[in-house]
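**Student:** A structural model of the following input is requested.
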Amino acid sequence: MTDLIDRRTGAGESSLYKDRVVNTVRSGATWPYVERRRGPRRHADNGASDRRSRSAQMAPILALSDLPRRAQAPDRHLEGYRYAVLAIDAAAAVVGAASALVARFGASPRGEDAQYFWGIVILPALWLIAVAIGRGYESRFLASSAEEYRRVLNAGVGMIAAISVVSYALKAEFARGYVVTALPVCVALALLGRVLARRRLRALRARGRCLQNVLVAGHEWSVLDLVAELRANPDGGLNVVGACVPGGRGSRRMAEAGVPVVGDLDGIVGAVTKLQVDALAVTTCVELGGPELRQLCWALENMDVDVVVAPALIEVTGPRLHIRPVAGLPLLHVEKPEFTGARRVVKGLFDRFVASIAVIVASPVLLAIALAVRLGSPGPALFRQTRVGVRGEEFTMLKFRSMHVDAEARLAAIRDLNEKADGLLFKVRDDPRMTRVGRWLRRYSLDELPQLLNVVMGDMSLVGPRPPLPSEVALYPDDVRRRLLVKPGVTGLWQVSGRSDLSWEDSVRLDLRYVENWSLFYDFAILFKTASAVLKGSGAY
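**Tutor:** Next comes the predicted model:
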């Protein structure tokens, strides 16, 4: 038992603290609680005494054999997906090797070229090892974010680099055409396979399968915020089955949100055991500070339960968050959002280049739509409107006209039909001002294609926040004005997360999330999702 206590308390704990634990254990108590002595505080804290007493009752320090054990792993909901991506990666490598063999040597290579038949066997094994080394099969990356795709791309780049180094070191001769064909095909097919596997997993989760049951602990307001985030993003596969809050009593708001309160903060371990949850999500609160959270993790370490802590900065994600050791302490470092610099220049060049190519390639479609708009109703094909761009600068945004020319004059007459009365947006599902052609254009977002010209001129970006009206910006509170720190986009998180079905608060939240966490890879992911959202036509009116 002394060895167990030494291991858990760590070298940094005082001997007085360790002696207190040993004496408590030797006294024969079934649940030996620990109270850690704290140093003097400079300022009085109204909750200090409550926190100290709670620390003495938070989590028992028991031998591992005394703790309850569960037979099921917390990531069992991902077992099918993991097996699927393993099969996808192996098949992608086989196809990549076979296609490279045919492309480089023909259907029936002879002589020394025949040795490349072994690539069909060797490449799948090497590819699976490369992805595994890149941690592409870990549960925290699978089916949860774009990080999974990044791991696959990194594995492909790493394999190319490894083959180059080995070839140079051993002076081995590899057919360059074979390598430059096999690996790109393998990576492309692996990424495509993961996209399809995620869609299948998303469909299963929509039917209530492949979910990870989660218990949330913390103050009521933070619990409700976290539950709202998890339910707004069901792709994460987290199903909240209960909550532990101070006092152990739920309020009307908790009942309305459908979150059952199963105990107080002292009963977290019992609630985890009773509900057999897969994960415990702890929100930031005074009662669950460092010592209390550490003891809670000790009590759960033999139960195969994931413990995650939701920081106060929920909207800050991705590469802006880093764990950095400072003075022996793992501190969460929050990088500043990037609004200028080389990456912004690259983003601007990429936007203009892609938009220019898109305008040239789609010019026949643009002309056909313009002709349909002119023939469908009297008036110009293009609709010009003043919008607010980066740093509050106004510009003229272009769209294909989807309404009658007197739409602005008729706005006051239908203002009571607004379905977004909770904010600054004005949306009507069956707007009587819409033309027949315009209704079709709106459904598939074809009316926004002329905004590619705004991207070429530098007023907009391919991906960014929704371009607001000057009347909307005039009513922005200070925090919402952060949307103006970047260029508005033709598409964005709002486009791939519900479009017009979003409330004003959700629209602002998604735009600010993009502003705080943008990256080039993030842009690529949004552009990819935009195609799916447009084809479905959901939420567009």
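**Student:** Leaving out chain neighbours, which residue sits closest to residue 344?
**Tutor:** Excluding its sequence neighbours, the residue lying closest to residue 344 (Cβ to Cβ, 6 or more residues apart in numbering) is residue 338, at 6.9 Å. Where C-beta positions appear, they are placed from N, C-alpha and C, glycine not excepted.
**Student:** Buried residues in stretch 294-311, which are they?
**Tutor:** Neighbour-count burial for stretch 294-311 flags 294-300, 302-303, 305-307, 310 (criterion: 16 or more other Cβ atoms under 10 Å).
**Student:** In helices, which of the residues you listed fall?
**Tutor:** 294-300 (DSSP state H).
**Student:** Specify the local secondary structure of the residue nearest to residue 344.
**Tutor:** The assignment at residue 338 comes out as coil when based on DSSP: H, G, I helix; E, B strand; the rest coil.
**Student:** How many residues are close by it?
**Tutor:** Neighbour count for residue 338, taken as other Cβ atoms under 10 Å: 17.
**Student:** same check, this time on residue 260
**Tutor:** Neighbour count for residue 260, taken as other Cβ under 10 Å: 13.
**Student:** Grab the nearest non-local neighbour of residue 226.
**Tutor:** residue 310 is the one closest to residue 226 (Cβ to Cβ, 6+ apart), at 5.2 Å.
**Student:** If you could redo that for residue 511, that was the one I meant.
**Tutor:** Closest residue to residue 511 apart from its sequence neighbours, by Cβ to Cβ, 6+ apart: residue 465 at 3.8 Å.
**Student:** For that neighbour, list the residues it contacts.
**Tutor:** 483, 486, 488-489, 492, 494, 511, 514-515 (Cβ atoms under 8 Å, 6 or more residues apart in numbering).
**Student:** again with residue 95
**Tutor:** 185-186, 189.
**Student:** If we use 7 Å, what do you get?
**Tutor:** Counting by Cβ atoms under 7 Å, 6 or more residues apart in numbering, residue 95 makes contact with 185, 189.
**Student:** Nearest to residue 505 among the ones in helices among the buried residues of stretch 294-311?
**Tutor:** Checking these against residue 505 by Cβ to Cβ gives residue 296 as the nearest, at 32.7 Å.
**Student:** the helices in the stretch 101-250 of the chain, which residues?
**Tutor:** Along the stretch 101-250 of the chain, counting by DSSP state H, counting those that start in this stretch, helices occupy 119-133, 147-170, 176-206, 220-232.
**Student:** what packs against the last one?
**Tutor:** For helix 220-232, the helices and strands in contact under the criterion 3 or more Cβ pairs under 7 Å, 6 or more residues apart in numbering; DSSP states H and E are strand 212-217, strand 238-244, strand 279-283.
**Student:** can you do 8 Å?
**Tutor:** Applying 3 or more Cβ pairs under 8 Å, 6 or more residues apart in numbering; DSSP states H and E, we find helix 220-232 packed against strand 212-217, strand 238-244, helix 252-256, strand 279-283.
**Student:** Could you list the low-confidence segments of the stretch 151-300 of the chain?
**Tutor:** The model of the stretch 151-300 of the chain has pLDDT under 70 over residues 172, 174, 286.
**Student:** meant to ask about the stretch 1-150 of the chain
**Tutor:** Using pLDDT under 70, the flagged stretches of the stretch 1-150 of the chain are 1-77, 107-114.
**Student:** Likewise for the stretch 301-450 of the chain?
**Tutor:** For the stretch 301-450 of the chain, the stretches with pLDDT under 70 are 311-330, 332-336, 412-429.
**Student:** for the helices and strands packed on helix 220-232, which one sits closest to residue 405?
**Tutor:** Of all the helices and strands packed on helix 220-232, helix 252-256 sits nearest to residue 405, with 45.4 Å by Cβ to Cβ.
**Student:** Run the chain-centre distance for the closest one.
**Tutor:** Centroid separation for helix 252-256 versus its chain: 27 Å, with Cα atoms, centre = their mean, to the nearest Å.
**Student:** helix or strand right after it?
**Tutor:** Beyond helix 252-256 on the C-terminal side, the first helix or strand identified by DSSP states H and E is strand 261-263.
**Student:** In terms of secondary structure, what does that next one contact?
**Tutor:** strand 238-244, helix 268-275.
**Student:** Buried residues, the first one. List them.
**Tutor:** Of the residues in strand 238-244, those with enough neighbours to count as buried (16+ other Cβ under 10 Å) are 238-244.
**Student:** and if you look at stretch 452-470?
**Tutor:** Neighbour-count burial for stretch 452-470 flags 452-456, 459-469 (criterion: 16+ other Cβ under 10 Å).
**Student:** do stretch 205-222 as well
**Tutor:** Neighbour-count burial for stretch 205-222, with 16+ other Cβ under 10 Å as criterion, is recorded at 205, 210-220, 222.
**Student:** repeat for stretch 117-135
**Tutor:** In stretch 117-135, counting by 16+ other Cβ under 10 Å, buried: 119-120, 123-124, 126-128, 130-131, 134.
**Student:** Stretch 152-167 now?
**Tutor:** Applying 16+ other Cβ under 10 Å to stretch 152-167 flags 152, 154-156, 159, 163 as buried.
**Student:** In CSV, list these along with distance to residue 273.
**Tutor:** Listed next are these as CSV, based on distance: Cβ to Cβ, whole Å:
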residue, distance to residue 273
152, 38
154, 39
155, 39
156, 44
159, 45
163, 50
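**Student:** circling back: quickly check the buried residues of stretch 205-222 for the two that are furthest apart.
**Tutor:** Farthest pair in those, by Cβ to Cβ: 210 and 219, 30.1 Å.
**Student:** related to what we said a few turns ago, make CSV from the helices of the stretch 101-250 of the chain and add distance to residue 260 to it.
**Tutor:** Compiled in CSV, the helices of the stretch 101-250 of the chain are given as follows (distance: least, Cβ to Cβ, whole Å):
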stretch, distance to residue 260
helix 119-133, 40
helix 147-170, 32
helix 176-206, 21
helix 220-232, 11
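**Student:** so which of those helices gets nearest residue 139?
**Tutor:** The nearest among those, by Cβ to Cβ, is helix 147-170 at 10.8 Å.
**Student:** can you give me the helices in the stretch 351-500 of the chain?
**Tutor:** For the stretch 351-500 of the chain, the helices defined by DSSP H, counting those that start in this stretch cover 363-376, 436-443, 451-457, 470-473, 493-496.
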